[in-house]
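In: this one's structure only:
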């Protein structure tokens, strides 16, 4: 579950989650299905076992929990899914990347820093272009989102020059982003 995390802290977190769920259910006076009771008992057993240092028992209980959880289930199932899902790391990475792109766009549109840096760079490129050149070849070592190039493309097109932008990607993990930006 929590790689390298403190076992006591982990079991306390699970106990507090179960306590909060219990309080929510008591305040709503909802009868819980048998599967929810089993899941709650498994979570408590896991927290108790891990806090007593019974790691192997904890692993067995985690396997049982994984069989009972569903990410679209009730509140307790959703929480257990987030805590014990084997594919959690990949899921979190996908969600973070999806949110990163939206967040990056918002910050780029709101804050002047990125646009100012791109304006300064683009102005420098355009200033050093000799009038007799017919084409411009730019080599970009970190294409990123490609936000900096539309203004340069427009300016060079108005100068009636050809533009070639070569992007060199340094990291294989950027394949999808590179192809989308391209």
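Out: Sure, I can see it. Since the structure is predicted, the reported quantities are computational estimates derived from the model, not experimental observations.

In: Which residue ranges of this structure form strands?
Out: Here the chain has its strands, by DSSP state E, at 135-140, 162-167.

In: Check the offset of the last one from the chain's centre.
Out: Between the mean C-alpha location of strand 162-167 and the chain-wide mean there is a distance of 31 Å, by CA atoms, centre = their mean, to the nearest Å.

In: now the helices for the chain?
Out: Assigned by DSSP state H, the chain shows helices spanning 7-28, 34-51, 55-68, 75-84, 88-110, 112-127, 149-158, 175-181.

In: out of the strands of the chain, nearest to residue 78?
Out: Proximity to residue 78 (CB to CB) singles out strand 162-167 among the strands of the chain, at 40.7 Å. C-betas here are computed from N, CA, C, even on glycine.

In: residues in contact with that closest one?
Out: Applying CB atoms under 8 Å, 6 or more residues apart in numbering, the contact partners of strand 162-167 are 134-141, 143, 149, 152-153, 156-157, 178, 181-182.

In: Select only the buried ones of these in PyMOL?
Out: Applying 16 or more other CB atoms under 10 Å to the contacts of strand 162-167 leaves a buried subset, and the PyMOL line that selects it is:
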select buried, resi 136+143+149+152+156+178
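
In: how much space between residue 134 and residue 161?
Out: When CB to CB, to the nearest Å is the yardstick, residue 134 and residue 161 sit 6 Å from each other.

In: With residue 114 instead?
Out: Separation of residue 114 from residue 161 (CB to CB): 26 Å.

In: Then residue 141?
Out: Counting by CB to CB, the gap from residue 141 to residue 161 is 22 Å.
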